[in-house]
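[1] Just a sequence and a predicted model for now, questions to come.
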Amino acid sequence: MLGELAASNAGTSEALGAVLAAASAVAYDAGYIIEKKALGAVVDPADRIGVLLRRAVRSNLWLTGFVIMIAALALQVLALTLAPVSVVQPILAGGLVALAAVSSMFTGERLEPRHKAALGLVLLAVLAVALSAKRSSQAVSPVSVRAMVVVLAAGSLLAGAAALVALARSRSRSDPRCTGQAATASGRPGMDRHRLVALALSAGIFYGLGALAEKAVAERLSQSGLVSGGLSSLTSAYPWLFVAVTAAGLVAFQVGLADFPVSLIASLTNIASTACALLGARIVFGETVLAPGAWAVLRGAGLMSGAGAVILLWMPAPRHYTPARDST
């Protein structure tokens, strides 16, 4: 009887976790779209990063989207306390599919066949990695401090280099001849695919590094409990590293969100952060990058699919996307 009751409670918790994950996915999508609408309304393409951020935080619409995304993060954490990653991750991946389907309805964005193909590859990559997680060990391993320092330093340098590439292209994008873009019929430059990839890589790597720092905090929580582990974590560098790298990722993501389709920048950032977190977890926590057995094929295919999307966007294209701007 007790065993049946425990099983019933476990099933109820997992179902509640799935509901919370679905709510988190919806909130993420709503936050992305609201922030995109706000940035389209207040941000001029020539604005520098500092000006962009100042104008964004003064926008009530952008702040609304930001608060919604914070709520989405909280719902995601709650979902993971009730349901395994194998349940939560595919639901969040489904949220990206929904975002791709509805974003054009709310933002007026138009994707060309090449961009749709790249988006499809990214969504397949996220789904494959999420499904393969059901066979991966979710145990929290002791953190290697030396490995964490190396990964954080190397990752930050790589993300910073990608941000510098994006910044350099941003300064020259007013002249299409400098960026290799083709002018649209209106005389405005089209999508700078190299800048898109650079910003997504920068934001994704910073977010992936934040996930590693967050997991290091989770180790203390699992060992010492929520209260004492949380207090002891505040005396370590990991929570502050999480705030620093996540803030850097947020800046890169918002810059990309201002100029590129929300479905593309969100999906590319997601796959970059996933790849960074997987590789970092292998080095820092000793986790396996590929799932055991046949699931390794699925995860490997997912990672290759994500790489294929980046290559597809990086290659020269005969046609170009014109970013939609809100007239309000």
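    Received, thanks.
[2] what about the helices in this protein?
    2-42, 49-57, 60-82, 85-107, 113-132, 145-172, 176-179, 193-224, 226-233, 238-259, 262-284, 295-314 (DSSP state H).
[3] tally of neighbours for residue 247?
    When neighbours are counted by other CB atoms under 10 Å, residue 247 registers 11. Yep, even glycine has a C-beta here, placed from its N, CA and C like the rest.
[4] Report the separation between it and residue 109.
    27 Å (CB to CB, to the nearest Å).
[5] Point out where the stretch 101-250 of the chain drops to low pLDDT.
    Across the stretch 101-250 of the chain, the ranges flagged by pLDDT under 70 are 101, 133-143, 171-190, 218-235.
[6] Now with 80, please.
    101-116, 119, 122-123, 126-145, 170-191, 211, 214-237 (pLDDT under 80).
[7] Contact partners for residue 203?
    159, 249, 250, 252, 253, 256, 265, 269, 272, 273 (CB atoms under 8 Å, 6 or more residues apart in numbering).
[8] From those, list the buried ones, please.
    For the contacts of residue 203, a burial check counting by 16 or more other CB atoms under 10 Å picks out 159, 249, 250, 252, 253, 256, 265, 269, 272, 273.
[9] what's the most distant pair in these?
    By the measure CB to CB, 159 and 265 form the most distant pair in the buried ones among the contacts of residue 203, at 15.2 Å.
[10] Tell me the pLDDT of residue 43.
    Predicted confidence (pLDDT) for residue 43: 61.
[11] same deal with residue 318?
    Here the pLDDT value assigned to residue 318 is 51.
[12] Next, count neighbours for residue 293.
    Per other CB under 10 Å, the neighbour tally for residue 293 reads 8.
[13] er, residue 51 actually
    Residue 51 has 12 neighbours, counted by other CB under 10 Å.
[14] quick one: it from residue 24, how far?
    Separation of residue 51 from residue 24 (CB to CB): 32 Å.
[15] Enumerate every residue touching residue 148.
    Contacts of residue 148 by CB under 8 Å, 6+ apart are 212, 213, 216, 284.
[16] Can you tell me which of the residues you listed is nearest residue 240?
    Among the contacts of residue 148, residue 213 lies closest to residue 240 (CB to CB), at 8.6 Å.
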